[in-house]
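Visitor: Need coordinates for the following:
(one chain, ligands or ions: 1)
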Amino acid sequence: MSTAILSALPEEQSSLLQHLAHPHRVMHAGRAFWCGELHDRPVVLALSGIGKVAAATTATALIEHFGVARIVFTGVAGGVGDGVHRGDVVVAQDYVQHDMDASPLFPRWELPGYACSRLACDTALTAMLFEAANLCVTSASGLWGLKTIHGDAHRAHRGLVASGDRFVSTAHESERLRTALRDAGHDVLAVEMEGAAVAQVCHDYGLPFAAVRTISDRADDEAHGDFSQFVQTVASRYAEHMVLSFLQKL
Ligand code: SAH
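Guide: Next comes the predicted model:
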């Protein structure tokens, strides 16, 4: 059975497509899915689209139409945790939807009907992805001459990631979001727009899910410029490197 590699952005998918053996494209639900093999493993490459609904539709199509056995997400995210810098990588241990708020009917952030606010990623896949992420960051300076602004080496982190239908692009919003969640016991490392939706779909279908996000910006007032430049120069290489070494571990 196939592994779905779900990317948020075309730049990330295009570098993986170059390695795809026996590629064939299938159109479904208005989306292009690429089936083939990477390192002799059957895969389906798909674009999640941006935002939770687009990502949920793509994940559902991968499960219902393509019958994939697991979903792995690669993308970029804004770093909000202390010490989570641009060029670092965050592997999601679990997910929260930062814009879910059905209070006072349910506690803030709780997913109605799920009796919890956080959904966990698959432990085994997450451990493999974390290994691949560590390998990638430790070789990043050698491979691509990537240097950190702060002088320390790039790091792979593992922890809670928040998703919501907002590009968080001011220091004020980022701090407010992080503090409110932290006060409720949810210490968030990074913020993005799709992962929690895919985690929920995979939870519903009982499918293993793991996600890795390269930090493209700090979700602050410079986020927009940082994001565009980073995606073109760095994120696609990270995605390619991490996915290929992850697949070899499967
Ligand atoms: N400029 C893009 C839009 C990207 S939206 C375009 O032209 O199409 C940002 C994407 O990167 C989303 O997929 C989201 O998951 C992730 N992301 C990166 N930084 C983010 C941030 N600060 N806040 C929210 N999502 C972020």
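Visitor: What is the neighbour count of His82?
Guide: Careful, residue 82 is Asp and not His. 8 (other Cβ atoms under 10 Å). In short, each C-beta sits where N, CA and C put it, glycine included.
Visitor: host element of it?
Guide: When elements are assigned from DSSP states H and E, Asp82 belongs to no helix and no strand.
Visitor: Leu6 too?
Guide: Per DSSP H and E: strand 3-7 holds Leu6.
Visitor: And that strand, what does it pack against?
Guide: helix 10-17, strand 41-47, helix 52-64, strand 70-79, helix 236-249 (3 or more Cβ pairs under 8 Å, 6 or more residues apart in numbering; DSSP states H and E).
Visitor: so what strands line up beside it?
Guide: Using DSSP bridges, the strands paired with strand 3-7 are strand 41-47 (parallel), strand 70-79 (parallel).
Visitor: Would you pull up how far the worst-scoring helix or strand of the chain on mean pLDDT lies from the middle of the chain?
Guide: Sorted by mean pLDDT, DSSP states H and E, the helices and strands of the chain end with helix 223-230, the least confident at a mean of 78. Counting by Cα atoms, centre = their mean, to the nearest Å, helix 223-230 is centred 17 Å from the centre of its parent chain.
Visitor: Identify each buried residue in that helix, please.
Guide: For helix 223-230, the neighbour count (16 or more other Cβ atoms under 10 Å) marks 223, 226-227, 230 as buried.
Visitor: what would those residues look like in CSV with distance to Gly78?
Guide: Conversion of the buried residues of helix 223-230 to CSV gives the following (distance: Cβ to Cβ, whole Å):
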residue, distance to Gly78
Ala223, 6
Asp226, 9
Phe227, 8
Phe230, 11
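Visitor: Go through the residues you listed and name the one nearest Leu45.
Guide: Phe230 (21.2 Å; Cβ to Cβ).
Visitor: picking that back up, between the strand holding Leu6 and helix 10-17, how big is the angle?
Guide: With axes from the mean of the first three to the mean of the last three Cα atoms, to 10 degrees defining the directions, strand 3-7 sits at 150 degrees from helix 10-17.
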